[in-house]
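[1] Here is my input, please return the structure:
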Amino acid sequence: MGRYFLRRLLIYIPVGLLVTLLVFTLADLAPGDPADWLYSPELNMTYEEIQAIKESMGLNQSPVVRYVQWLRQTAQGNLGYRMKNGDPVGPLIATRLKRTLVLGGVATAFGIIVGLGLGIYTALHQYSWFDHLSGVLAFLGISMPAFFVGVLGLYIFGLKLQWFPIGGITTPGGDPDDLRDFLYHLILPAALLSSNHVAGYFRYMRMSMLEVLHADYLTTARAKGMRERIVILRHALRNALLPVVTVIGASIPGLFGGAVFIETIFSWPGMGMLFIDGVNARDYPLIMGVTLVMTSVILLANLLTDIAYSLVDPRIRLETRSN
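    Below is the predicted model:
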């Protein structure tokens, strides 16, 4: 088992480096740089002054040199300073990451609980009116992109019905440490962020459960006199979860991608809004810092998915022992 996870971990390290290299290349190829963002026509700056600013930022060096310098600096635990205002990138990301992880974690938990629950229930009640209704809603949930769901949910539940606040993480002027107020602001964006994943998990769980319910070993278990609840929970559900666990792990990158839109729509001060701010300002240290941290989180989530899959499927453990 240890060898299996060590191999997976060794694979993730070059993948993470490749992602940072790709993002750095795309950011460098984009038009403009931080010096252009700082330039103002009112200052009447000369060409020499602009070049001096670029030199002070290290922008006159080749992209290869700048990437290697960033890599060496990051290996020492320093993510650098923002070119926009000089703030340290590390503490800023740490604060924003907590909020994004809370938003994404609640959305993931909501998607798993609701999606898997609906999938199991509809598989056990196939062709019922609830099964047909859930199928239609799941189709709509998969078809609508995150930004459309966010805007629609904000309009209906925030503006029209006024059930939830329309932005921020706390009520203006209220206690910033009030947990109930924070959860009140969290419910709507987390539910909307998870809508697409609820639909996806539901469809996969229903399909997987239906395949398992008609398997011969379940007929044998029933013939031995096992209770139906034991047959479903111990035999059917465990085997039906195998493909769904992989789907959940593969959907995590899309969850954080959707968080960028949801955080922007609801003014949720997380990693998504921070990344957009960095892109607008061509702030390379911030862009690379956010990319590194989010890539690490996604790769860690995939590693945890592998662990969960091995716990659900004993064949993984047997294969690793034999190796």
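
[2] Look up how far residue 304 lies from residue 166.
    Look at residue 166 and residue 304: by Cβ to Cβ, to the nearest Å, they are 34 Å apart. From N, CA and C alone the C-beta is placed, and that goes for glycine too.

[3] who has more neighbours, those two?
    Per other Cβ atoms under 10 Å, whichever of residue 166 and residue 304 has more neighbours is residue 166, with 15 against 12.

[4] Enumerate every residue touching the residue lying closest to that one once chain neighbours are set aside.
    Closest residue to residue 166 apart from its sequence neighbours, by Cβ to Cβ, 6 or more residues apart in numbering: residue 158 at 3.9 Å. By Cβ atoms under 8 Å, 6 or more residues apart in numbering, the residues touching residue 158 are 164, 165, 166, 188.

[5] Could you identify the most distant pair in those?
    Spatially, the most separated pair among the contacts of residue 158 is 166 and 188, at 8.5 Å (Cβ to Cβ).

[6] Mutual contacts of those two, please.
    154, 158, 266.

[7] Let me have the residues you listed in CSV, extended by secondary structure, pLDDT and distance to residue 275.
    Formatted as CSV, these follow (DSSP: H, G, I helix; E, B strand; the rest coil; pLDDT from 0 to 100; distance: Cβ to Cβ, whole Å):
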residue, secondary structure, pLDDT, distance to residue 275
154, helix, 87, 21
158, helix, 84, 24
266, coil, 85, 16
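
[8] In TSV, list the residues you listed along with distance to residue 256.
    Converted to TSV, those look like this (distance: Cβ to Cβ, whole Å):
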residue	distance to residue 256
154	20
158	23
266	15
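
[9] If we only consider those residues, which is nearest to residue 244?
    In terms of Cβ to Cβ, no member of those lies closer to residue 244 than residue 266, at 28.8 Å.

[10] List the contacts of the residue most central in space within the chain.
    Residue closest to the average C-alpha location in the chain (Cα atoms, centre = their mean): residue 256, at 2.4 Å. Applying Cβ under 8 Å, 6+ apart, one finds that residue 256 lies in contact with 100, 104, 271, 272, 294, 297, 298.

[11] how about it, secondary structure?
    Assigned with DSSP: H, G, I helix; E, B strand; the rest coil, residue 256 falls in the helix class.

[12] What's the separation between it and residue 224?
    Distance from residue 256 to residue 224, by Cβ to Cβ: 46 Å.

[13] Please apply the same query to residue 19.
    51 Å.

[14] Name the residue in those two with the higher neighbour count.
    residue 19 (17 against 8).

[15] That one contacts residue 297, doesn't it?
    No - at 11.9 Å, residue 19 does not count as touching residue 297 under the criterion of Cβ atoms under 8 Å.

[16] between the two, what contacts are shared?
    Common neighbours of residue 19 and residue 297 (Cβ under 8 Å, 6+ apart) do not exist.

[17] Give the residue spans of the stretch 51-200 of the chain that score low on pLDDT.
    51, 53-54, 56-59 (pLDDT under 70).
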